[in-house]
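**Student:** coordinates for the following, if possible.
(2 chains)
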Amino acid sequence: MIHSLFLINTAGDLFLEKHWKSVISRSVCDYFFEAREKAVEPDNVPPVIPTPHHYLITIYREKIFFVSVIQTEVPPLFVIEFLHRVAETFQDYFGECSETTIKDNVVIVYELLEEMLDNGFPLATESNILKELIRPPTILRSMVNTITGSSNVGETLPTGQLSSIPWRRAGVKYTNNEAYFDVVEEIDAILDKSGTTVFAEIQGVIDACVKLSGMPDLTLSFMNPRLLDDVSFHPCVRYKRWESERVISFIPPDGNFQLMSYHISAQNLVAIPIYVKQNISFFETGSSGRLDITVGPKQTMGKTVECLVVTIHMPKVVLSANLNATQGTYNYDPVTKILLWDIGKLNPQKLPNLKGSLSLQSGAPKPEENPSLNIDLKIQQLAISGLKVNRLDMYGEKYKPFKGVKYVTKAGKFQVRT
Amino acid sequence: MLGMSANSVSYNDQGSVESGVDAAQENSSIPGSISSSSGAAFSLFSADYKKNEDLKEMLESSKESLKLEAMKRIVGLIAKGKNASELFPAVVKNVASKNIELKKLVYVYLVRYAEEQQDLALLSISTFQRALKDPNQLIRASALRVLSSIRVPIIVPIMMLAIKEAATDLSPYVRKTAAHAIQKLYSLDPDQKEHLIEVIEKLLKDKSTLVAGSVVMAFEEVCPDRIDLIHKNYRKLCNLLVDVEEWGQVVIIHMLTRYARTQFVSPWKEDAVFDENSEKAFYDSEEERKVEQSNLYIMDPDHRLLLRNTKPLLQSRNTAVVMAVSQLYWHLAPKHELNIITKSLVRLLRSHREVQYVVLQNIATMSIQRKGMFEPFMKSFYVRSTDATHIKTLKLEILTNLANEANISTILREFQTYVKSQDKAFAAATIQAIGRCATNISEVTDTCLNGLVLLLSNRDETVVAESVVVIKKLLQTQPSQHSDIIKHMAKLFDNITVPMARASILWLMGEYCEHVPKIAPDVLRKMAKTFTNEEDIVKLQIVNLAAKLYLTNSKQTKLLTQYILNLGKYDQNYDIRDRTRFIRQLIVPNEKSGALSKYARRILMAPKPAPVLQSAFKDRDRFQLGTLSHTLNTQASGYLELSDWPAVAPDQSVRNVEVVEPVKEAGAPALRKSKPAKSHEKFYSDSEEEEEEEEEKEGSSSEDSSNSSSEESASESESEENSGDSNRSSSSQSEKSSSESDSEKKKKTLKNKKLQQQKPDSKDRKQKNGNAVKVESRSESESGSESSSSESSSESGSELDSDSDSGTDQKKNTKPKPVQSKAVIKQVEKKEVSLLDLDDFSPAPVTTPKSSILSPNLLSDLQGLLISPTTSALQASFPVFVPETSHELLHRMTGKGLSGQYRFTRQPCIYGNSMVSLQLTLSNSSDQALENIHISEKSSTGQNIHRFNAIERLEPQASVTVSMGIDFNDSTQAANFQLCTKEDEFSVSIQPAVGELLLPITMSEADFTKEQGKLVGMNESSATITMTPENLSSQSVNRKVVSVANIGVIPSSQENIYRFAGKTVSSGSLVLVSVALKDPDAVITINTEKTVMSSMLLRQFKTALTNSSP
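**Tutor:** Numbers count the residues shown, from 1 in each chain, chains lettered A, B, ... in the order given. Below is the predicted model of the structure:
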């Protein structure tokens, strides 16, 4: 299936190659470079590029292009999903997935890639299994290895590989047993000029950090499970129980993982926490424009809106901005044409306002379209959908774990059209 | 480099403090910084030479750490794409290293360079051959992986041997590796296809979820056309699917999609018309037609099974799985069931950019045929300014597809925003989309047209150009009303510079010159001036316009036309010269032109059909959704065409897996485990152990449970013996190896003993044949056993002593068909065949409704086969307690007088080893006799049900008791079936309590603790409860426990610990329960591989023991 993998940075340097079948010359990447040039932005590179003898399937992540070479028919999502899994594994192992970390850990990267695919077919992608096969690098361990000559490579087959619950290894032991859940909801919305909602939905995930000894069997129940409209689960969740009882019953993987994600699309359920009053105009003459933005709280359920940031992709003709912010700081980057207004906490008594003039390239026609505003925000202690975890029960183990649930609401793709 | 440098030993002869890899890098970059360039940069020879020298030295040193360091640097070189092939001899020497990391790195190197250095690579082969016999399964697997990855044609026979061996390995992980190796060998030497297919056939039978995905992958690669191999495994694959790892799921689902299209009849045959002109038919009320048709079409239960078992996977986190299920539904499900995939697909749109791209493409194709699916989610396809261009275009495509009279105004409003987008390519695409909406929905054509005309004054060139092109297409549909638009465009003509747009306007002028008689000649005049500076495409249209005007208005334009034709005659582009010449001959009459010029007007001014604006995804549905070919819209190599539905369904019975066999089922309940139906042992005595094992599995649990973990371990322990057997030379070693697997030693010793009985015979043969022949003969007999396993089980009674050799085996092999049919007949006959009197086995206080006789000598035969006096193995025992409670199956009100009750008899089921036996009491409370009471043949759920014989007549107020068996697959999922009388059908369901899915076994206390020791960790669950005082006596504890679950009491030497043992009915997994009293608390511990079961059991025990009522 997957023949070869090439890692290429944004500058176009090919810095790692790995082949699972016979070697394919890296000249095959020329087709990629061609497409890359045509696309201008790295985001616009088509994920699937046909070449005379091969097909290139590419993902772009963390400023790295993962270019895989395919020779025969294969579901493209299969490859794309796998490549993302590779990137996630690197992130998991090295803390971040960047060119430097990959270059620094090239041997581990190679060992990982070797284990993840056999003959181009995924072999072990579960992080718990991989970590038993190849231990992640830590400073302490590498010191010990240097002295004792022991290695990072496991000698026996990971227990998970054979059990029916491959995501968990046996014999986990902690002195502090704890299970934390973060309910993170993101609001995706498009508001139009007048502030009415064109489209809004909530994308939620429950991230878990479970550090429990032994083989715990957890059951998480919600106060209002009916809210959840469309869900997808980590493989550990027993789907049948969800279907029949609307509880999430699972034997958790060890460590951090995403338990589930859900989707609430009913518009009336989606509260929009802020409103934006804006007025951006460009004048026909004098090559200048005005900008006036005010942000205020709308439906915040009594919580404070934090980390409020407004980002505007200005039209190309805008040269500079001379603005005045009543709160926070603003920054206009004339190269990328991005105006960034970092407001911070939203104070309902004194609404933040950004006002001033924009200067345009003289002689150029005024921009057709006003730029849209992208909003970023965060509300702690609140799941905007109203989802509430009722309780977490543990079976199968005797100790009492520490449990905790945290709620956060964030803005996802939150856009205000102007 | 931090991680690395800390790893490195302080080796540096350059005096640098850098790590090893760094040093290597430095070396290569000294002569002219080549390594930093992206190309396949090979450093200059001198540097290479020097560097490799010291790497060689390191590799040859005696220090492990130095070697490891050297290998790490070499891997670094490989990763960068540098050539390190001349180190091959030095590296190969380390292939047998003890250090596992070093060994792995050597493997990496070997696989990379073996193809180039074939001779040297051969040196390493013996090491792998040795490693293939290693007791550590990881080492066996990785040896096979590397061995099969070395692409050296000379070792093909060795690979073949290794694959065959590994395919029967005890470890499913090794078997999985073998499945991968099949593909590798096939790509290396396609001539091996036939042999490989045999291995595939064998591995397809594997019950392990680990193997399933990989072997199906191999199947797809090697022999995708051998659909016949799937038949027998179809149901198993469907049932296992949920538990297979996610990558395997994708492959299996795609294969099953293809399979189903060849085996089942179309569930949407009635929609054939619908498919062809979807647009119109969509508005017809589909529901109505469905109702009419539904009585004609009955879905094959296997077809339904596939749909049902894939549905939960829509909730997978893996986008590829969700897409695979979606395409399966798209291609296989009845149209009205399609809607369940919509939500999941829309959910995927939140995923990564690349995922969105592929999913949107598929939605685009779907939305052409089935608007209704995605219409409610229209807003999910709204474009954000931050989307990548290709995502935006796809969303636009979908929105256009979804447009209809009801939502067009919303969509057009949305489009207005997009037209103003700064991304001009996207704005242009939007204009195209508006054009399509305008043609598709006649109500808005005028609105759209006016909007587009407004856009003509847009400042952006591309927007204007695109508008012109679209307007041109729109006008063609109704030119007469729109002459003012044409005039407007003519006015704008001077400001438009995009060639395509200019050409379009000119064409419009020419085509409709009669509507704008004054303007057209003027435009031509202007064009004559600028002709030489125009683009080719514009020039062609100028010539065109000139010709048309000449024909309609020759008075005004004759000279102009001639001028233009002269210019064209000397143009640089030969197309234009050609066209000019052609036009001249056509329109200017002269002696040479002949008859053609008479028709010039008709030729040039012929009414032209309006172009159809349609989606680019119109034809994409010829490819299977979700495939690479679909994404590219061209057939990718290796694409497997999805066949059309067959007109008539092929034989359904090919998928039947024979389950029950009369003789065995009689003897088995008591003998099983200790001696699982050894009756057919001799039948295959010539062949090696494995077939029998294989076959046993087939027989005992062929209707496998979806919960395969137990089977996995079972097969593991069984195949353990296989390897012990086949590696008899190194049997002591394999003996040791048992410690790493969780196989049960008991069983093993027992079986070894059995083995010895047949050893002499098989040994003989082996000595006669060479080594290679051994494998050969084995594979033959393997296939023999597969095809005739069903037969063997049904005939085993009569053929107990037949000492057939491989010859007869093969004969049987050649005629599997009659054998099958025979087995079917046997099944039918089975009802008459005498059933064993259960009282022989179970003097429990249960009266079985029917009893019959097993021929005594058969029984003694079976007992004779029972070898071990050391019966430490698990022996099935009798239920300690049989609850009298019965549950309602059918109330007399709903049953129109027929009422039914069922209860669990807790007896080993006489109909099949994996069945739970039930007693059904049917009574007739109506005032008429009920006739022909039976259970309908089609079971709606997947369980295998043994039906009772039809009751011909049930008199009023009479009742009858019958027994039946259901294979619940060790799950508490209810079995649903139809209870039928002559007139009516009633859907009923039987929900088993978890405790009824067990059978009691006896074992010694020592065995109990030993088994318990093996089932720790995740297989153990326990709970502490506070006992009510009246439950504290040993009697009451025992009673409580056995009333909840059908398990046996194990004598206990300790006072406060009570032990119970049982096994699951379907898979035979051990379930060990112990209750330890610590006044007033008690700890209940359950050890079993079935974790789901154990948590349910635990809950029930808890309630039972804390409950004070008796």
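
**Student:** rounded mean pLDDT for the lengthiest helix in chain A, please.
**Tutor:** Selection of the longest helix in chain A by residue count, based on DSSP state H, yields helix A:76-94. In this model, helix A:76-94 has an average pLDDT of 91.

**Student:** go on, stretch A:345-356?
**Tutor:** Here the average pLDDT along stretch A:345-356 is 87.

**Student:** outside of it, which residues touch it?
**Tutor:** When contacts are defined by CB atoms under 8 Å, 6 or more residues apart in numbering or on different chains, stretch A:345-356 is touched by residues A:274, A:290-297, A:304-306, A:308, A:310, A:321-328, A:330, A:341, A:343, A:377. To be clear about C-beta, it is placed using only N, CA and C from the backbone, and glycine gets the same treatment.

**Student:** buried sites along it?
**Tutor:** Applying a neighbour-count criterion of 16 or more other CB atoms under 10 Å in any protein chain shown, one finds A:Leu346, A:Pro352, A:Asn353, A:Leu354 buried in stretch A:345-356.

**Student:** inside helices: which ones of those residues?
**Tutor:** With helices taken from DSSP H, there is no overlap with those.

**Student:** and of those residues, the nearest to A:Ala35?
**Tutor:** The shortest gap between A:Ala35 and any of these belongs to A:Leu354, at 39.2 Å (CB to CB).

**Student:** how about B:Ser421, what does it touch?
**Tutor:** When the contact criterion is CB under 8 Å, 6+ apart, the partners of B:Ser421 are A:Glu369, B:Ser385, B:Ala427, B:Thr430.

**Student:** the buried residues of stretch A:345-356 in strands, which ones?
**Tutor:** A:Asn353, A:Leu354 (DSSP state E).

**Student:** re earlier: and the longest helix of chain A, is it in reach of chain B?
**Tutor:** Yes: Helix A:76-94 lies within reach of chain B by CB under 8 Å from any CB of the partner chain, at A:Pro76, A:Leu77, A:Phe78, A:Ile80, A:Glu81, A:Phe82, A:His84.

**Student:** make TSV from those residues and add neighbour count to it.
**Tutor:** TSV is the format used below for the residues of helix A:76-94 next to chain B (neighbours: other CB atoms under 10 Å in any protein chain shown):
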residue	neighbour count
A:Pro76	29
A:Leu77	30
A:Phe78	29
A:Ile80	27
A:Glu81	28
A:Phe82	28
A:His84	18
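
**Student:** could you dump these to TSV with distance to B:Gln315?
**Tutor:** Shown next, in TSV, are the residues of helix A:76-94 next to chain B (distance: CB to CB, whole Å):
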residue	distance to B:Gln315
A:Pro76	21
A:Leu77	16
A:Phe78	18
A:Ile80	19
A:Glu81	15
A:Phe82	20
A:His84	19
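
**Student:** ok, the nearest residue to B:Gln556 once chain neighbours are set aside - contacts?
**Tutor:** For B:Gln556, ignoring the flanking residues on the chain, the nearest one in space by CB to CB, 6 or more residues apart in numbering or on different chains is B:Pro521 at 4.7 Å. Under the criterion of CB under 8 Å, 6+ apart, the contact list for B:Pro521 reads B:Leu549, B:Asn553, B:Gln556, B:Thr557, B:Leu560.
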